[in-house]
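Chemist: Structure of the sequence below:
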Amino acid sequence: MNRGQSTDAGRPERPTSKDVARLAGVSHTAVSFVFNGRAEGNLSAATQQRIRTAAEQLGYRPNAVARGLRRSRTAVIGLVTDHIASSPFAGALLRGAMETAWSSEHLVLTVDSTGDPAKEDAAVAELLDRRVDGIIYAAMTLRRARLPAGLDRTFAVLANCLPQEGSMAAVIPAERAGGRAAARLLLDAGHRRVALVGGLDDIASAERLRGFRDALRSAGLLARKDWIVRTGGEISAGYEGALRLLAGVAPGRRPTGIICYNDRVAAGVLHAATSLGIDVPGELSLVGYDDQEHMAEFLNPPLTTIALPHRSMGEWATRLLLDAIGAGSGPPAEVLRLECPVVSRASVGPPPTR
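Modeler: Purely as a prediction, here's the structure:
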């Protein structure tokens, strides 16, 4: 049957290795050697090329499922996450995971649980039924996660989360170091009156605050309690926090630099500063966090920020998982903390001279 010829059911029949053998004028075993990586030393280069040319003409692809069953692998890994559809950062993590997997001839089968524990349990059960080689469990915000049932039955790595109980291989941002880097941006520019706005009751807020305090102590400064304003993580939280710090306060008594919990908070601070007639960065410097796509670089002025390494988390989680699959033993139950890079733009300048 030629390529594209239909079966009785009306579907094109998939070409087989026997079809390739007939077209190339070789044995079925020779075709198997080529596509199972055993051709070197068994077949001449010319014969190998003739087989590959025939396969291309027919549109033949080896049956990955059958090949995987022979190796007790399927070359597919699962990725279960809580909020792919609604997170602005999910795409970067997925791209990192998928491209790393693809470079090792693996596919990624992705399931979005929308944060529902029952769906997560069902997703893991389904992935195990499909004989995936391993599973990445990823969260879109750094947190201690309740792990889905069954995750311990396969090779598994966590991305952007930590287990509620026990230990497991995990890849997360180095948030404390990120907080230090944010503060250093202002300190190195000459600022000594530095505040922090926004934040939630979460791991990221606590770690970034520790880093903020680390940097101030290293400069011989102490963080003022009234200049640490915990208002949340949205634009309105930044606006509210900035008004508390800036409204009605004489220029010589207010902060000259503000570190924001994220870029949305920074947008709110920028809005408040504009409404109060405070120039950024002439009178007030701002540092955001996240490097949120389609936001940070389009504010006025463009926002200096600390980027979260979502793509790198996807890459590293996948690499750790593939290494474990290749070795046949679970990945070390360690936490890998990835650098949060500085993205310098125009919202940071020297402190005002007055």
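
Chemist: what residues are up against residue 342?
Modeler: Residues in contact with residue 342 (Cβ atoms under 8 Å, 6 or more residues apart in numbering) are 181, 185, 304, 306, 307. The way it works is simple: take the backbone N, C-alpha and C, and place the C-beta from them, glycine included.

Chemist: Output the residues you listed as JSON lines; include the columns pLDDT.
Modeler: As requested, the contacts of residue 342 are exported to JSON lines (pLDDT from 0 to 100):
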{"residue": "181", "pLDDT": "98"}
{"residue": "185", "pLDDT": "98"}
{"residue": "304", "pLDDT": "98"}
{"residue": "306", "pLDDT": "98"}
{"residue": "307", "pLDDT": "96"}
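
Chemist: need those residues in JSON lines with distance to residue 223 and neighbour count, can you?
Modeler: Output for the contacts of residue 342, formatted as JSON lines (distance: Cβ to Cβ, whole Å; neighbours: other Cβ atoms under 10 Å):
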{"residue": "181", "distance to residue 223": "16", "neighbour count": "20"}
{"residue": "185", "distance to residue 223": "16", "neighbour count": "23"}
{"residue": "304", "distance to residue 223": "20", "neighbour count": "25"}
{"residue": "306", "distance to residue 223": "18", "neighbour count": "29"}
{"residue": "307", "distance to residue 223": "24", "neighbour count": "22"}
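
Chemist: Could you point out which of the residues you listed is nearest to residue 293?
Modeler: Proximity of the contacts of residue 342 to residue 293 (Cβ to Cβ) peaks at residue 307, which lies at 10.2 Å.

Chemist: What's the local residue count around the spatially closest residue to the closest one that is not a sequence neighbour?
Modeler: Nearest in space to residue 307, with sequence neighbours left out and distances taken as Cβ to Cβ, 6 or more residues apart in numbering, is residue 291 at 3.7 Å. Using other Cβ atoms under 10 Å, residue 291 is surrounded by 25 other residues.

Chemist: Also the one 3 residues further on?
Modeler: Number of residues near residue 294 (other Cβ under 10 Å) recorded here: 7.

Chemist: Next: residue 18.
Modeler: The number of residues packed near residue 18 is 11, by other Cβ under 10 Å.

Chemist: pLDDT below threshold where in the stretch 101-250 of the chain?
Modeler: In the predicted model, the stretch 101-250 of the chain carries no residue with pLDDT under 70.

Chemist: got the contact list for the closest residue in space to residue 224 that isn't next to it in sequence?
Modeler: Across the structure, with Cβ to Cβ, 6+ apart as the measure, the residue nearest residue 224 apart from its sequence neighbours is residue 195 (7.5 Å). By Cβ under 8 Å, 6+ apart, the residues touching residue 195 are 224, 227, 228, 229, 245, 255, 257, 258, 259.

Chemist: Roughly how far does residue 195 sit from residue 295?
Modeler: Counting by Cβ to Cβ, to the nearest Å, the separation of residue 195 from residue 295 is 21 Å.

Chemist: Going by residue numbers, what spans are strands in the stretch 251-354 of the chain?
Modeler: Defined through DSSP state E, counting those that start in this stretch, the strands belonging to the stretch 251-354 of the chain, from first to last, are 257-260, 285-290, 304-307, 335-338, 342-343.

Chemist: Ok, which of those strands comes nearest residue 99?
Modeler: strand 335-338 (16.5 Å).

Chemist: so what secondary structure elements neighbour the closest one?
Modeler: Other elements packing on strand 335-338 under the criterion 3 or more Cβ pairs under 8 Å, 6 or more residues apart in numbering; DSSP states H and E are strand 170-173, helix 310-327.

Chemist: With mean neighbour count and distance to residue 336 as new columns, can these be given to me in a markdown table?
Modeler: What follows is the helices and strands packed on strand 335-338, written out as a markdown table (neighbours: other Cβ atoms under 10 Å; distance: least, Cβ to Cβ, whole Å):
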| stretch | mean neighbour count | distance to residue 336 |
| --- | --- | --- |
| strand 170-173 | 25 | 5 |
| helix 310-327 | 22 | 6 |
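
Chemist: returning to what we had before: need the pLDDT of the residue nearest to residue 307.
Modeler: pLDDT, residue 291: 94.

Chemist: What is the neighbour count of residue 212?
Modeler: Applying other Cβ under 10 Å, I find that residue 212 has 24 neighbouring residues.

Chemist: let's have the chain start at 54 instead
Modeler: New numbering, starting at 54: the last item is residue 265.

Chemist: Could I get the contacting residues of it?
Modeler: Applying Cβ under 8 Å, 6+ apart, we find residue 265 in contact with 232, 233, 235, 236, 249, 276, 312.

Chemist: Swap in 6 Å and give it another go.
Modeler: By Cβ atoms under 6 Å, 6 or more residues apart in numbering, the contact list for residue 265 reads 232, 236, 249.
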